[in-house]
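Engineer: predicted model follows, preceded by the sequence.
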Amino acid sequence: MAQNKAMSLYKAMPLHHETARLRLRPWDESDAGDLYALHCERVNLARTPTVERAREVIAEGLVRTAATGFAVLPIRRRQEGDFIGYCGLIVGRASADEPEIAYELLKRAHGHGYATEATRAVLGAAIATGRKRLWSTVRTWNTPSFRVLEKLGFERDHVSADDGGELVWLTRSLP
C-alpha cells in the first residue's frame, strides 16, 4: 500500500539514459547471462548463482518497477556495447518516498569512472520523479563507493549494523 501511495505522489523515473560513454535502459530477459556473470563475481555469496536465478531477479525487478515507478537499469558501454553492471533506484533499506541509489560493476569496469557517470544519470532521473531525498548504504570497507557518492554530493548520516557488518548510511537532498 505504501508503494502505491508513493507512486501517486511522484512521477515515474525515466528508464532510458545516455551519457558520454554509457547507455542505461530497462532489463530484458536476454540480459540474464550478463547479470549471472556479475553475480558470479560477488564475494560471500548467500547462494550459488545460476542463469535461471538471474532471470528471476530480472522478472522481480520489472514487477517492482511497475509498483514503484523506479528501477535498477543495466549499464552498457556505448561504443563497445558490452554490459558492465547496473545502476538505479531501489527501496532497499529505505522507502519508496526516499529510495536508495544502488550500483554494481563488473571488476573489469572498476576504476574508469563508470559508476560515477551512471550514478549521475540516475541522480538526474531521481530528481525528475519529484523526490526530495535519496539514500545509499555502503559497507565500511567499500572505499570506492564512498568516493563515487561523495563526488555526487552524498553526505554521511549514520552507521548501523546487520548480519553483514557495519553499514554507513549516506543521504543527499534533491532540488
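Structural biologist: It's in. Quantities reported herein were computed from a predicted structural model and do not represent experimental measurements.
Engineer: can you tell me the closest non-neighbouring residue to the most centrally placed residue in the chain?
Structural biologist: Residue closest to the average C-alpha location in the chain (C-alpha atoms, centre = their mean): Ala102, at 2.7 Å. Nearest non-adjacent residue to Ala102, counting by C-beta to C-beta, 6 or more residues apart in numbering: Ile90, 4.9 Å away. Yep, even glycine has a C-beta here, placed from its N, CA and C like the rest.
Engineer: got it, and Ala12?
Structural biologist: With C-beta to C-beta, 6+ apart as the criterion, Ala12 has its nearest non-adjacent residue at 3.9 Å, and that residue is Gly69.
Engineer: return the residues in contact with Ala59.
Structural biologist: Contact analysis of Ala59 by C-beta atoms under 8 Å, 6 or more residues apart in numbering lists Glu29.
Engineer: that older thread, who does the host helix or strand of the residue nearest to the centre of the chain touch, helix- and strand-wise?
Structural biologist: According to DSSP states H and E, Ala102 maps onto strand 100-105. Counting contacts by 3 or more C-beta pairs under 8 Å, 6 or more residues apart in numbering; DSSP states H and E, strand 100-105 is packed against strand 83-90, helix 114-129, strand 133-139, helix 143-151.
Engineer: which of the residues in the second one are buried?
Structural biologist: Within helix 114-129, the residues that qualify as buried are 114-123, 125-126, 129, counting by 16 or more other C-beta atoms under 10 Å.
Engineer: and the residue nearest to Ala102, bridged to which residues?
Structural biologist: Glu100 (DSSP bridges).
Engineer: what is the neighbour count of it?
Structural biologist: Using other C-beta atoms under 10 Å, Ile90 is surrounded by 18 other residues.
Engineer: contacting residues around it?
Structural biologist: By C-beta under 8 Å, 6+ apart, the contact list for Ile90 reads 64, 70, 72, 99-100, 102.
Engineer: now swap in Leu149 and tell me
Structural biologist: By C-beta under 8 Å, 6+ apart, the contact list for Leu149 reads 101, 119, 136, 138, 170, 172.
Engineer: what residues are up against the second one?
Structural biologist: The one in question is Thr119. 87, 101, 103, 148-149, 152.
Engineer: between those residues, which sits nearest Thr19?
Structural biologist: Cys87 (10.6 Å; C-beta to C-beta).
Engineer: can you check the pLDDT for the closest one?
Structural biologist: Predicted confidence (pLDDT) for Cys87: 98.
Engineer: was I right about it contacting Thr116?
Structural biologist: No. The pair Cys87 / Thr116 is not scored as a contact, 10.1 Å apart, by C-beta atoms under 8 Å.
Engineer: tell me the angle of the strand or helix carrying Glu52 relative to helix 114-129?
Structural biologist: Assessed by DSSP H and E, Glu52 sits inside helix 51-68. Counting by axes from the mean of the first three to the mean of the last three C-alpha atoms, to 10 degrees, helix 51-68 lies at 30 degrees to helix 114-129.
Engineer: this completes my enquiry, with thanks.
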